[in-house]
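In: give me coordinates for this.
(one chain, ligands or ions: 1)
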Amino acid sequence: MTFLLDEIALATARLAEAGVPSPRTDAEEIAAYVHGVRRSELHTVKDSDFDALFWEGVARRESREPLQHITGRAYFRYLSLEVGPGVFVPRPETEVVAGWAIDRLREMDVASPVVVDLGTGSGAIALSIAQEVALATVHAVEIDPDAYRWAKRNIIEHGQGRVHLHPEDLADALPELEGQVDLVISNPPYIPPGAVPRDPEVRDYDPRRALYGSGSDGLDEVRAVERTARRLLRPGGFVAVEHADQQGTPVYLIFSEENGWRDIRSRQDLTRRDRFVTARFGQE
Ligand SMILES: C[S@@+](CC[C@H](N)C(=O)[O-])C[C@H]1O[C@@H](n2cnc3c(N)ncnc32)[C@H](O)[C@@H]1O
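Out: Residues are numbered from 1 along each chain as shown. The predicted structure is shown next:
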């Protein structure tokens with residue numbers, strides 16, 4: 001055990017040197033992964049049989065490959081999802097957006113709410129809603145074939161038969177559900193084309209289609225989400241759309257009263273930065 005602790009300390013120093021933001025946590029996560037235990041169970045590991053595998057994982061993390069690609073898992077709310085190359089790694093800030101939607105769905109006087117997740121990626125939002133809102137039916141839309149395959153795997157594992165995946169463009173998705181949906185949620189691509197993310201984990205590993213929005217401000221997909229939500233929601237239905245912290249005002253302005261929106265609100269993440277806009281459509 002002392003041996004493993006020494007290895008973790010050495011790996012932590014190497015990861016810190018490479019600029020990895022949470023070097024100790026990541027070294028422990030890699031050790032836990034190669035030994036097939038949880039991080040909190042590392043003290044039960046008695047030997048270091050998986051040395052080569054451990055150092056291979058550390059080297060990959062040193063080159064700033066995302067931890068989640070190395071372990072093949074990402075945690076989102078109460079879920080452990082399969083992720084890897086070709087799919088966006090779900091983020092903590094999106095957990096707050098999903099949480100807002102889950103709270104609204106639980107308050108709603110609707111026995112079996114119908115929900116749409118536009119640009120589902122790994123399926124993180126759609127699957128959390130299905131897990132946390134009993135009887136909800138969720139339609140998850142994803143245009144990218146690689147992301148679609150990851151979503152499908154996660155939906156088979158966690159979807160409880162209540163998450164339906166559609167290989168469609170969010171701009172014209174689900175015509176069969178027009179006017180029938182209780183809540184539309186989306187974390188679409190929104191980074192403006194010229195703004196290159198600083199973190200190598202994002203810049204070099206997240207799929208471009210998941211990151212970069214269309215149009216000079218990167219907000220064409222948010223505009224498409226607004227139009228699709230207007231088409232799909234029943235009167236009184238809710239929308240929630242995530243955006244970058246600098247985009248609070250422009251995204252707020254995309255949802256106008258002239259187009260039937262009310263209760264339009266800019267909302268913040270746990271660090272109090274503008275992160276998502278919510279609104280209700282029409283009168284119940
Ligand atoms: C930022 S990622 C979010 C993934 C997931 N919802 C999450 O929060 O982790 C955006 C997702 O939207 C998908 N996407 C981009 N443009 C799309 C479009 N026009 N129609 C459907 N999906 C789209 C991307 O492939 C990607 O999976």
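
In: longest strand in the chain, by residue count?
Out: Counting by DSSP state E, the longest strand found in the chain is strand 233-242.

In: just the CA trace of that one, in PDB.
Out: Extracted in PDB, the C-alpha atoms of strand 233-242 (Å, rounded to 0.1, in the frame of the first residue of the first chain):
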ATOM      1  CA  LEU A 233     -44.100  23.300 -26.500                       C
ATOM      2  CA  ARG A 234     -47.700  23.200 -25.300                       C
ATOM      3  CA  PRO A 235     -49.000  26.500 -23.900                       C
ATOM      4  CA  GLY A 236     -47.400  27.000 -20.500                       C
ATOM      5  CA  GLY A 237     -44.400  24.700 -21.300                       C
ATOM      6  CA  PHE A 238     -40.900  25.500 -20.200                       C
ATOM      7  CA  VAL A 239     -37.600  26.000 -22.100                       C
ATOM      8  CA  ALA A 240     -34.000  26.000 -20.700                       C
ATOM      9  CA  VAL A 241     -30.900  26.700 -22.800                       C
ATOM     10  CA  GLU A 242     -27.300  26.800 -21.700                       C
END
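
In: how is the protein divided into domains?
Out: Recorded structural domains for the chain (assignment: automatic domain parsing) are 2-63, 77-281.

In: pull the contacting residues for the residue nearest to Gln160 when sequence neighbours are not counted.
Out: Excluding its sequence neighbours, the residue lying closest to Gln160 (C-beta to C-beta, 6 or more residues apart in numbering) is Ala130, at 6.0 Å. C-betas here are computed from N, CA, C, even on glycine. By C-beta atoms under 8 Å, 6 or more residues apart in numbering, Ala130 lies in contact with Ala136, Val138, His158, Gly159, Gln160, Arg162, Val163.

In: good, wrapping up.
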